[in-house]
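[1] Here is my input; please provide its structure:
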Amino acid sequence: MKRLSVNLASEPFVNRAVPLAAVSAALGAALLLTVFNLGSFVVLGREYRAQREELKGQETKLQDLGKDMAEKERQLQSGAVASFAEEATYVSGLLQDKRFSWITFLQDLESVKAFGVQLQNVSPRITKDGLVQVNLRGMANPRSEMLQFEMNLFASPRFKEVQITNEQRDPGSPLTNFSITCVYVPEVRHAS
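    So this is what the prediction gives:
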């Protein structure tokens, strides 16, 4: 038998299998890509939203820090800081006065005192420059002990600017009353 190339049917036969397979494949691919797109949106969108929230939090912190810096700048520009600086200077002076050790000072003074010298008044005073100005008043028996005490003060690195300000000898007595001023340098002890 020979095949006819002409369709003799009363209604022409349409072969729908191939177009339906192509349309089904296209719809399946579209559906598959849509599901993949929705999954990507959910997974990647969650990470994006988390990073966006973190960025908003950081922007809020930056704004708060900016406001805080502006407030601190206003405080620094105000006159209150000047009073704080004066108070800090005053407190620093008090602390420096507290650092003066009477025990160390008296040990240093005892190490240079001559045997025949008796001290009656020892008055250290811390100046604004931070120097310890010392006034010593006492008696020496005989006068040579006072001179030895003066020489010991000169020889000690802890005392400088030694000067006898007053010297009186009691008539008919070997006692000599004296006053000496000097500067005490406590740091020298710790350096040596």
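
[2] any idea how far the host helix or strand of I103 is from the chain center?
    Here I103 is covered by helix 102-112, with elements defined by DSSP states H and E. In terms of CA atoms, centre = their mean, to the nearest Å, the centre of helix 102-112 is found 36 Å from the chain centre.

[3] Let me see the mean pLDDT of that helix.
    The predicted model assigns helix 102-112 a mean pLDDT of 88.

[4] can you check stretch 22-34 too?
    On average, stretch 22-34 scores 94.

[5] who touches Q107 in this structure?
    With contacts taken as CB atoms under 8 Å, 6 or more residues apart in numbering, Q107 has no neighbouring residues. (C-beta placed from N, C-alpha, C; glycine too.)

[6] any idea how far the spatially most central residue of the chain lies from A26?
    Centroid-nearest residue in the chain: A88, 15.6 Å away (criterion: CA atoms, centre = their mean). Taking CB to CB, to the nearest Å as the measure, A88 falls 81 Å from A26.

[7] Kindly report the same for Q77.
    72 Å.

[8] Likewise for S101?
    S101 is 97 Å from A26, by CB to CB.

[9] try L44
    26 Å.

[10] R16 now?
    Following CB to CB, the distance that separates R16 from A26 is 15 Å.

[11] One more: Q75?
    70 Å.

[12] and what of T60?
    49 Å.

[13] same question, E73
    E73 is 66 Å from A26, by CB to CB.

[14] Over to P171?
    135 Å.

[15] Those two: which is more packed in?
    A26 (10 against 5; other CB atoms under 10 Å).

[16] Which element, helix or strand, includes that one?
    Assigned by DSSP H and E, A26 falls in helix 17-77.

[17] distance between that helix and the chain's centre?
    For helix 17-77, the distance to the chain centre is 41 Å (CA atoms, centre = their mean).

[18] could you say what helices and strands it packs with?
    Helices and strands touching helix 17-77, as assessed by 3 or more CB pairs under 8 Å, 6 or more residues apart in numbering; DSSP states H and E, are absent.
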